[in-house]
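# Provided below are the primary sequence and the corresponding predicted coordinates.
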Amino acid sequence: MKATRIVITAMSLKWAHRAANSIRGFASSVIACGCEADIEGELKPSETPDGRPGIAVMIFAMSTKDLEKQVPMRVGQSVMTTATTACYAGIYADEKISLGKNLRFFGDGHQIAKVINGNRYWRIPVMHGEFICEETTGVTKAIGGGNFMVLAKTSRHALAACEKAIGEIQKVPNVITAFPGGIVGSGSKVGSKYKFIKASTNEAFCPTLKGQVKSELSPEIGSVLEIVIDGLDEGAIKEAMRVGIKAACSYGPRKGIYRISAGNYGGHLGKYHFHLHEILK
Amino acid sequence: MKPLLLTLNKPPVSPVDLSPLIPDLLAGMKVAHINKIKLAHGKNSLRVEKLFSVTGENTDNIKIRRSCNKLLYIGKGMSHGHIEVSGDVGDFAGQHMQGGVLRIHGNAGSWVGSGMADGVIEIHGNVADCTGAGLPGDAHGMSNGVVYISGNAGDRVGDRMRRGIIIICGNAGDYCGSRMQAGTLVVLQRTGEYPGISMKRGTIVLAKKPSHMAATFMSCGELKMQYLRLLFKQLSEIGKTYAFLKNYAAAAHRFAGDLASNGKGEILILLQTPRKG
């Protein structure tokens, strides 16, 4: 996979969050959304290019071409339209995709390019003042789909454990959990009996099919939730999985958490394998 | 490694071209070899050893001591390394620079950074006219890089500049930013007459209202300029010398112009300035 990071700033953190939430909307899975995106973390004014509060957002896609398609479109529709925002590169690398390079044409000839400290910015006059956007953002190699599943007594138990796990994962830099709230309620397997679908329900982990299919679930398990992690490198994903699993396991069987598993899809989906026992050593 | 130290023995009678003494051209040379380099001196030439006492070996870090305004073209065309000068320098310091840092602790003559393409020039003193400008016949003035002047600048600073940033902590003379094609020019004290005359694009940031402005600049009102916030924050992060810029606020009166030219330039007159600049 390929990934980029962008920094969104605004007059207040509230409005930076609004832009960030908009850009990460409908970006849960590359299968149908074209990219996976999520908020990586909040940035203090001292950490942003323009000294305002900001949000770091990471966006993952299957290729640089896909990122080039998704990122400018999302920045244009979600960030530029949010009041008082500005958008900057969060990764500097040799490989780049456009950010403000094409958005500048919204300025209809009134846009101004500025180079400061070697970085090129576009000032696009808009109704709230000026929308400032860096010309490009860097692209780096990344890994998507690190995952683990929490097998619990009920969905209430599973959700409580997963929420705690997500809280810990969010503290790890260079990773995101792109699904809503970071938790997948409908984990999938590769392929389907229907030829026109790339992914379908993971019936081996569906509690309602326990007696019907070759199930991975024991009788006491009534709900399974999955946490999917995208990261910039193997180490970041491993660390996120480690802290997430530990947090989920802290609830234990007495609070309805029975097992931790992971989808490995026969080992055929991607070249990276994260073995849970090794991660927890 | 010790920096290459050139101490001026005695100020020359006529101007001397110091352009051969840059890290690019001195790379790998020993002191004995450097001593034999010929420098243009009026219509004659003289060897380095006649002018300077040379010690040290690090040609990427050159220090010139007891400099005077007869030494021209210091740092001309350098692409990397440091040159630090104690004392005044003559015209064309940092001309056509492509990288590296030229730091002058003294006053400089005209045409500082003329046609420079990259790098940083810091003048801890005053400069004469045409800083960052293009020579007659050149397509444009400086095309990138940063020029910092702690004192005052003469007339026509940034004339025809194409890109880059010039920061003047003191006053600037008349026709500041004239015929600018792009880039950013910041003056933190008073400015002379007709700033930005015939500018096509580019930004002139003035801390104080100029004594006279051309009628071809139209007021766009008093605004919070997001760009200024970015500019001051980014500049303040270059180094300690620039850190004070973070105290400047983003509110400015924007004038668009010069409408007699392309009209896409702007003069931003700051509405608030910190007590200590």
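Arrived safely.
# which neighbouring elements make contact with the host helix or strand of residue A:278?
Secondary-structure element containing residue A:278, defined by DSSP states H and E: helix A:276-279. Counting contacts by 3 or more C-beta pairs under 8 Å, 6 or more residues apart in numbering or on different chains; DSSP states H and E, helix A:276-279 packs against helix A:234-249. C-betas here are computed from N, CA, C, even on glycine.
# so what touches the helix it packs on?
With contacts defined as C-beta atoms under 8 Å, 6 or more residues apart in numbering or on different chains, helix A:234-249 is touched by A:143, A:146, A:148, A:150, A:161-162, A:164-169, A:171-175, A:227, A:229-231, A:257, A:260, A:272, A:274, A:276, A:279-280.
# name the helices or strands packed onto the top strand by length along chain B?
Identified as the longest strand of chain B according to DSSP state E is strand B:58-67. Applying 3+ C-beta pairs under 8 Å, 6+ apart, one finds that strand B:58-67 makes contact with strand B:3-8, helix B:23-26, strand B:82-87.
# that strand: partners in the sheet, and parallel or antiparallel?
Strand pairing for strand B:58-67, determined by DSSP bridges: strand B:3-8 (parallel), strand B:82-87 (parallel).
# need those strands in TSV with mean neighbour count and mean pLDDT, can you?
Converted to TSV, the strands paired with strand B:58-67 look like this (neighbours: other C-beta atoms under 10 Å in any protein chain shown; pLDDT from 0 to 100):
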stretch	mean neighbour count	mean pLDDT
strand B:3-8	20	96
strand B:82-87	20	97
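# and of those, who's closest to residue A:217?
Evaluated over the strands paired with strand B:58-67, closeness to residue A:217 peaks at strand B:82-87, with 67.9 Å, by C-beta to C-beta.
# let's see the closest one as CSV, backbone CA atoms only.
The C-alpha coordinates for strand B:82-87 follow below in CSV (Å, rounded to 0.1, in the frame of the first residue of the first chain):
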residue,chain,number,x,y,z
HIS,B,82,29.7,28.8,4.8
ILE,B,83,31.4,32.1,4.3
GLU,B,84,31.5,34.4,7.3
VAL,B,85,32.9,37.9,7.0
SER,B,86,33.9,40.3,9.7
GLY,B,87,33.9,43.9,8.5
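# right, and the helix or strand after it?
strand B:98-105.
# and the angle from the helix or strand that that next one is followed by to strand B:98-105?
Counting by DSSP H and E, the next helix or strand C-terminal to strand B:98-105 is strand B:118-123. Here strand B:118-123 runs at an angle of 10 degrees relative to strand B:98-105 (axes from the mean of the first three to the mean of the last three C-alpha atoms, to 10 degrees).
# partner strands of the helix or strand following strand B:118-123 and their direction?
Remark: after strand B:118-123, the chain's next helix or strand is strand B:146-149, criterion DSSP H and E. Using DSSP bridges, the strands paired with strand B:146-149 in its sheet are strand B:118-123 (parallel), strand B:165-168 (parallel).
# got those as JSON lines, with mean neighbour count columns?
Formatted as JSON lines, the strands paired with strand B:146-149 follow (neighbours: other C-beta atoms under 10 Å in any protein chain shown):
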{"stretch": "strand B:118-123", "mean neighbour count": "23"}
{"stretch": "strand B:165-168", "mean neighbour count": "27"}
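# quick one: low-confidence parts of the chain?
Looking at chain A here, since you left the chain open. Counting by pLDDT under 70, chain A shows low-confidence ranges at A:265-270.
# nope, chain B
In chain B (pLDDT under 70), the answer is B:275-277.
# pull the longest helix from it.
Ordering each helix of chain B by length in residues (DSSP state H) puts helix B:226-236 first.
# beta-bridge partners for residue B:72, please?
residue B:17.
# quick one: residues contacting it.
Neighbours of residue B:72 in contact, by C-beta under 8 Å, 6+ apart: B:15-19, B:89-93, B:109.
# what's the longest helix of chain B in contact with?
With C-beta under 8 Å, 6+ apart, helix B:226-236 has contacts from A:49-52, A:86, A:114, A:116-117, A:119, A:121, A:123, A:129-130, A:132, B:165, B:167, B:184, B:186, B:203, B:205, B:242-246, B:248-250, B:252, B:268, B:270.
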